[in-house]
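# I'll drop the sequence and a predicted model, then ask my questions.
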Amino acid sequence: MPGPDGTRLPPFYSPRPEAGDHSHDGDVEQADFLVSAHNPTLAVEHPPTPSAEPQTQPPPDSLLSPAFTPPATPGTATPSHATSATPREPRGIPVDSTVPTGGCGSKQPQLLETLPEVECVVRARIPTTSGTEMFLHLYTNNVDNKEHLAIVFGGQIRSKSLDAVREGETEMDRLVRGAYTGRLFPGRTTSGLDTTPGPADGQATPSEAPQPPLVRIHSECYTGETVWSARCDCGEQLDEAARLMSLPGNQSGGIIVYLRQEGRGIGLGEKLKAYNLQDLGSDTVEANLLLRHPADARSYGLATAMLRDLGQTEIRLLTNNPDKIRAVEGPHREIAVKERVAMVPLSWKGRGGFRAPEVEGYLKTKIEKMGHMLDMAGLSRGT
C-alpha cells in the first residue's frame, strides 16, 4: 500500500488467506521458520510484477552451501507429479517418540515428574483482521506467577477447567468469564447452548475433525513480534501458524500455546545482553552460554498441561525442532505427537518475508548447533 508520500510501504504480515485459496498449502511441509515482520531497510527494491505464476526466490546462498545444508527431513520429498497449486492441508511427517527411529530427535529432554496444575480463568472471542475468529484463553498455574495463553481456532476445542461449575457463581458470571456455548448476543442470560443462528462453538461432530488439530508451542518474543527484529523468525512463525490454522479447509482446528518464556527462557533483559554479544561476534547459542545461561532454558510442561485441559491427547505439532516433540508429550506421554508439520521462511518461497544477515546466522546456528531440521528440497528450483 502507498505511504503518505506515495512510496510503497513493505507489508508486515504474511498473506491473508482467501476463501478456497490453498495454492500454497503444500509449502508448509518443507520447514518451520516464517516471520511476520519486514524490516523497512531490507525491503525488496523492486515491487513484484503481476504474474499468473507466484514469484519465487532461491534460499540465501549461505544456507545452500554444503557446509550449512541440513540433513533432509524423512518423508518430505515431493512426488514428481505433485504441483504447488494442488489444494491440500499442510502435510505432516509421521513421528513416533516410542522408537529410536521415530523422527523425534536424539536429545533426551528433562521432563517434570508431574505436570503443573493449570486453570483457564477467562476466554474471549477475538475477531481478527483477516476475518477469522479465534478464542483467546488465559491460564494461571501453580509453578509461576505468569499468565500464559492458548489461542484456539475451531469451536470444537474447549477448556475443561473453564467449563467447570464454580461455587457460588451466577449465569452472568459464567457468561463474563467465557464459560458459555454458542454465541454471545445482547440480552443473553444463560450459559447453555443457545439456538440463535450462527456458528456454535463446542458442537463439532466427529466428521468435522478428521485428524488431530495443528498445534504450535510458541515462546514469547517481544523483539521479534513487537519491534520487528530481524535477528530471529519468531514473529513470522506466530503469524504463519495462525494463517495455517485459519485456512478455509482446516476442519480439525488449531491451538497456539503462547508461553511467557522470553529469550528461550532467560528473560528480555538477558536476551538484550545476548544481542550485544552477538554484535561482538558470538552466535545465539554462544551468547547465552557466555551469560551463564543454557543455550535453551525453556520448559514445556505448562504447554502439555494446557493441551490436556483443552481436551487434547493427540496433536500435529508445527515445529522444525524434532527434540521439542518428546518435551511436549509430557513425562508419561500425556500427549501423543502424531505428526510434525514443518514450515519455511516466506522469503525462501518468494512470498514476501524478509532477509537479513542476522536471521541467516540465527537459522544457521539453529541447524548446526540445535538440531533443527529444514528440508529445502525444491526451493532452489522455484517450487
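Great, that's in hand. Numbering: from 1, shown residues only.
# all contacts plus neighbour counts: C-alpha atoms, from now on.
Noted.
# could you pull out the strands for the chain?
Taking DSSP state E, the strands of the chain run over residues 93-94, 118-127, 133-141, 148-153, 214-219, 254-259, 314-318, 336-341.
# Quick check: neighbours of the third one in the sheet, parallel or antiparallel?
Taking DSSP bridges as the criterion, strand 133-141 forms sheet pairs with strand 118-127 (antiparallel), strand 148-153 (antiparallel).
# and the first one, average pLDDT?
If I follow you right, that is strand 118-127. Averaged across strand 118-127, pLDDT comes to 97.
# and the strands paired with strand 133-141 as a markdown table, adding mean neighbour count and distance to Asp323?
Formatted as a markdown table, those follow (neighbours: other C-alpha atoms under 10 Å; distance: least, C-alpha to C-alpha, whole Å):
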| stretch | mean neighbour count | distance to Asp323 |
| --- | --- | --- |
| strand 118-127 | 18 | 24 |
| strand 148-153 | 23 | 22 |
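# Compare those strands and report which one is nearest to Asp163.
Each of the strands paired with strand 133-141 has some distance to Asp163 by C-alpha to C-alpha; the shortest is strand 118-127, at 8.9 Å.
# circling back: can you list the strands paired with strand 133-141 in a markdown table and add distance to His218?
Output for the strands paired with strand 133-141, formatted as a markdown table (distance: least, C-alpha to C-alpha, whole Å):
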| stretch | distance to His218 |
| --- | --- |
| strand 118-127 | 17 |
| strand 148-153 | 10 |
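# out of these, nearest to Asn288?
When those are compared by C-alpha to C-alpha, strand 148-153 sits nearest Asn288, at 23.8 Å.
# Identify all contacting residues around the closest one.
Under the criterion C-alpha atoms under 8 Å, 6 or more residues apart in numbering, residues 133-140, 245-246, 253-260, 306 lie in contact with strand 148-153.
# and that strand, C-alpha only, in PDB?
Backbone C-alpha positions of strand 148-153 (Å, rounded to 0.1, in the frame of the first residue of the first chain) are rendered in PDB as follows:
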ATOM      1  CA  HIS A 148       0.100 -18.000  29.800                       C
ATOM      2  CA  LEU A 149      -2.300 -18.100  26.800                       C
ATOM      3  CA  ALA A 150      -3.900 -20.500  24.400                       C
ATOM      4  CA  ILE A 151      -5.100 -19.200  21.100                       C
ATOM      5  CA  VAL A 152      -7.800 -21.600  19.900                       C
ATOM      6  CA  PHE A 153      -9.100 -21.900  16.300                       C
END
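# what's the angle between it and strand 214-219?
Using axes from the mean of the first three to the mean of the last three C-alpha atoms, to 10 degrees, the direction of strand 148-153 lies 150 degrees away from that of strand 214-219.
# what's the average pLDDT for strand 148-153?
According to the model, strand 148-153 has a mean pLDDT of 97.
# What of stretch 229-238?
Stretch 229-238 shows a mean pLDDT of 86.
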